[in-house]
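Engineer: Coordinates only, no sequence provided:
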Ligand SMILES: Cc1cc2nc3c(=O)[nH]c(=O)nc-3n(C[C@H](O)[C@H](O)[C@H](O)COP(=O)(O)OP(=O)(O)OC[C@H]3O[C@@H](n4cnc5c(N)ncnc54)[C@H](O)[C@@H]3O)c2cc1C
Ligand SMILES: Cc1ncc(C[n+]2csc(CCOP(=O)(O)OP(=O)(O)O)c2C)c(N)n1
Ligand SMILES: [Mg+2]
């Protein structure tokens, strides 16, 4: 089962290695991990999608809690979340297919961010299923490159925790 | 040279009063901060990038114990910490000096020993360049330390050291490594005073257990007909032995301890079941399998304890008292968790415990004790290792600080030395580090100069770190080293005998004459070849005021019994005196 954790950490050298290393050392499975600064320059937030059952997730949370620069851990299981994965995708777009591709991009609320004679680069954000569906749709045209940020998440209702 | 006698401090105010606006070098700040942390002894080994620190130490009242290998320094500091409860401190150079501490750090991390290891590092602007003697020691040791730091600014040094000590000794203790680039220790800064705050917003320790959980646990104990208390290293780490004894006596419950918990309850006492687990007593293991309530205090359900987890304590509700929430329900599902310090929780719980008659349960335990005592055949002329340990236990009245290597001799020590006090066994339980014994004995004797310190070692374990004999000799430490010499890696040989059709692949090894070797190092060397010599040679060993190594040439193929083979239930022990198995 996929579960989303949001981890607030002190912005210190080595903290990413520490968190990632702990997952590897204890053979927990990371599906995706996204890190970025927060509104506070001293803090970063990691959104980690973990594969595992309740017992595994409990150990993951406890082991994260033992890492000194880790300040807070939010388990978003069961929460009503806004989930976003951001993707850049370069797809082959010969002139005769370009209109068709353009229509598809619009259908997915994507954005063309770069074009040349042979390819278009698309920016698209959304929950995982949408991203995966878009990739599937592009496959027949020939995908040149895909880059994804990994999932980030925010609960819809403010939680005071 | 023993540098405690080396020099008295030159004129000027004592280090501890230094503060304010004076510029100090990083090395001086480090020495000063160590004094503020109450450090009196540092173990280690010098090298290029730590020369500024060694130069500052030359003027410091801190005692420095120079070992012959950095691994020895870490084990010595580890045992110093186990013996005193204080933080053990190590100082080594970069690169190979730092990597030589890895085994010691992992050993301390597994057994939750408070330690601070200071490593030198190349200049900050050379880091990452594959500079001479550079190693990414914070990267290497991240998974085997409680936390680690690299200090990049002299102004942050004092605070970092303060944090390192705080983290090492609070909560579930553990080793903390601080990497010190040479320009940081030779640079200068103004040192703040003791009140300078730490910056640890993510580090929380829960000492007080939740009162509701404490009451629930006490009620479960009061209701139980057949409780067993299972006490571990956490009781010793929390200095909770007195509190445990009070609780056990009031609750009138039998108590078993892990290898690392030995001595937290007097093994001579009526309620003691002694050690449980793979090589524990049969009566402790049966009692655990038959109990209706298992109260774990500062113990972590290691796989050497549980045997097949699915069949562990099948009739029992489980209470788990532990300061580390991650220990709870990690291996075994717990019914009543209580997170906090063992001593605090046990003392708090005492008020809610009701005395209860459990004569049926104790009658059952007495029956198990008389049916399955720890025994061995001592009828021949050969020296049996168990006999040597019993004799050492008798002649030291069970009061020695006992260190061990890893292997059969370690298990026999746990079985046949009668521990009655906490902080009296120094053994590598979690990592199982061969070579721990001798350097640990050095650290323990430095910590407790008046104690009798005995290293009960294996021939192969001893061979890994016997280069530390000169350290003991140099400091005039009257260590008693009993080498139980079977000419084998006995524990490996036992497994090969039992599970690999006696094919003793690479587990037999030849040795030099240990007695002569000891003499060459300036220690006393003795040899015992027959059973009759044993009491006399031990008496002589205990009388020596110098480091004394005794080579006991023991029965070569003796096995450790009982034994729970891997994958078996805790009650499925082999090597029991009678073949009858108990119903569980
Ligand atoms: C060859 C070999 C054979 C072995 N066979 C056996 C055997 O038969 N039986 C056996 O018992 N062991 C055996 N061991 C040792 C075993 O591997 C473990 O090291 C040992 O059982 C762990 O002991 P412990 O559970 O007391 O945990 P420790 O490693 O001592 O852990 C301490 C626990 O207490 C907690 N704690 C720390 N501080 C506090 C505090 N202040 N308050 C509350 N809790 C705290 C910690 O979080 C941790 O959970 C063997 C080892 C070797 C090398
Ligand atoms: C550093 C290290 N290497 C290997 C092992 C695996 N091992 C466990 S016990 C043992 C044999 C120990 O032999 P010895 O010290 O002679 O003790 P004995 O079992 O004979 O009493 C070995 C090789 C270990 N625990 N530690
Ligand atoms: Mg041996």
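Structural biologist: Thanks, I have the structure now. All values derive from a computational prediction rather than experimental measurement. Numbers count the residues shown, from 1 in each chain, chains lettered A, B, ... in the order given. Ligands and ions are numbered 1, 2, ... in the order given.
Engineer: List phi and psi for residue 96.
Structural biologist: Going with chain A. Main-chain torsions, residue A:96, degrees, to the nearest 10: phi -70, psi -20.
Engineer: oops, chain B please
Structural biologist: Main-chain dihedrals, residue B:96, degrees, to the nearest 10: phi -70, psi -30.
Engineer: in its sheet, what does the longest strand out of those in chain A sit against?
Structural biologist: The longest strand of chain A (DSSP state E) is strand A:81-92. Strand pairing for strand A:81-92, determined by DSSP bridges: strand A:119-126 (antiparallel), strand A:143-148 (antiparallel), strand A:152-155 (antiparallel).
Engineer: Need those strands in CSV (columns: mean neighbour count and mean pLDDT).
Structural biologist: (C-beta placed from N, C-alpha, C; glycine too.) Listed next are those as CSV, based on neighbours: other CB atoms under 10 Å in any protein chain shown; pLDDT from 0 to 100:
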stretch, mean neighbour count, mean pLDDT
strand A:119-126, 19, 97
strand A:143-148, 13, 97
strand A:152-155, 18, 95
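Engineer: still on that earlier bit, please list the residues outside the longest strand of chain A that contact it.
Structural biologist: For strand A:81-92, contacts defined as CB atoms under 8 Å, 6 or more residues apart in numbering or on different chains pick out A:4, A:32, A:101, A:113, A:118-128, A:131, A:134-135, A:138, A:141-156.
Engineer: closest to ligand 1 out of the strands paired with strand A:81-92?
Structural biologist: Ligand 1 lies closest to strand A:152-155 among the strands paired with strand A:81-92, at 31.6 Å (CB to the nearest ligand atom).
Engineer: Residue B:105 contacts residue B:117, correct?
Structural biologist: Yes - the criterion here is CB atoms under 8 Å, and residue B:105 meets it with residue B:117 at 6.3 Å.
Engineer: touching ligand 1 at all, the longest helix seen in chain B?
Structural biologist: The longest helix of chain B (DSSP state H) is helix B:70-84. No - residues of helix B:70-84 are not located near ligand 1 by CB under 6 Å from any ligand atom, the shortest gap being 10.3 Å.
Engineer: about what we covered before: what do residue B:105 and residue B:117 both touch?
Structural biologist: Counting by CB under 8 Å, 6+ apart, the common neighbours of residue B:105 and residue B:117 are B:74, B:145, B:175, B:177.
Engineer: how many other residues sit next to the second one?
Structural biologist: In other words, residue B:145. 25 (other CB atoms under 10 Å in any protein chain shown).
Engineer: Can you verify my assumption that it contacts residue B:177?
Structural biologist: Yes - with contact defined as CB under 8 Å, residue B:145 counts as touching residue B:177 (5.1 Å).
Engineer: Show me the common contact partners of those two, please.
Structural biologist: Common contacts of residue B:145 and residue B:177 (CB under 8 Å, 6+ apart): B:105, B:117.
Engineer: quick one: which helix or strand includes residue B:497?
Structural biologist: According to DSSP states H and E, residue B:497 maps onto helix B:490-499.
Engineer: With residue B:455 instead?
Structural biologist: Using DSSP H and E, the element containing residue B:455 is strand B:453-458.
Engineer: and the residue of chain A found nearest ligand 2, what does it touch?
Structural biologist: Chain A approaches ligand 2 most closely through residue A:25 (20.0 Å), counting by CB to the nearest ligand atom. Residue A:25 makes contact with residue B:143 under the criterion CB under 8 Å, 6+ apart.
Engineer: Please apply the same query to residue B:231.
Structural biologist: Contact analysis of residue B:231 by CB under 8 Å, 6+ apart lists B:244, B:255, B:256, B:257, B:258, B:261, B:264, B:265, B:296, B:297, B:298, B:299.
Engineer: Quick check: phi and psi at it.
Structural biologist: phi -110, psi 140.
Engineer: For it, list each beta-bridge partner.
Structural biologist: Beta-bridge pairing for residue B:231 (DSSP bridges): residue B:257, residue B:297.
Engineer: Get me the contact residues on the stretch 401-550 of chain B for ligand 1.
Structural biologist: B:406, B:410, B:411, B:429, B:430, B:432, B:491.
Engineer: Span of stretch B:254-263 from start to end?
Structural biologist: From its first residue to its last, stretch B:254-263 covers 15 Å (CA to CA, to the nearest Å).
Engineer: can that stretch be found next to ligand 1?
Structural biologist: Yes - Stretch B:254-263 lies within reach of ligand 1 by CB under 6 Å from any ligand atom, at B:258, B:259, B:260, B:261.
Engineer: how close does the closest residue to the first one other than its chain neighbours sit to residue B:402?
Structural biologist: In this case it means residue B:258. Nearest residue to residue B:258, sequence neighbours excluded (CB to CB, 6 or more residues apart in numbering or on different chains): residue B:232, at 4.3 Å. Residue B:232 sits 18 Å away from residue B:402, going by CB to CB, to the nearest Å.
Engineer: follow-up on the earlier one: out of the contacts of residue B:231, who has the most neighbours?
Structural biologist: Neighbour counts for these (other CB under 10 Å) peak at residue B:264, which has 34 neighbours.
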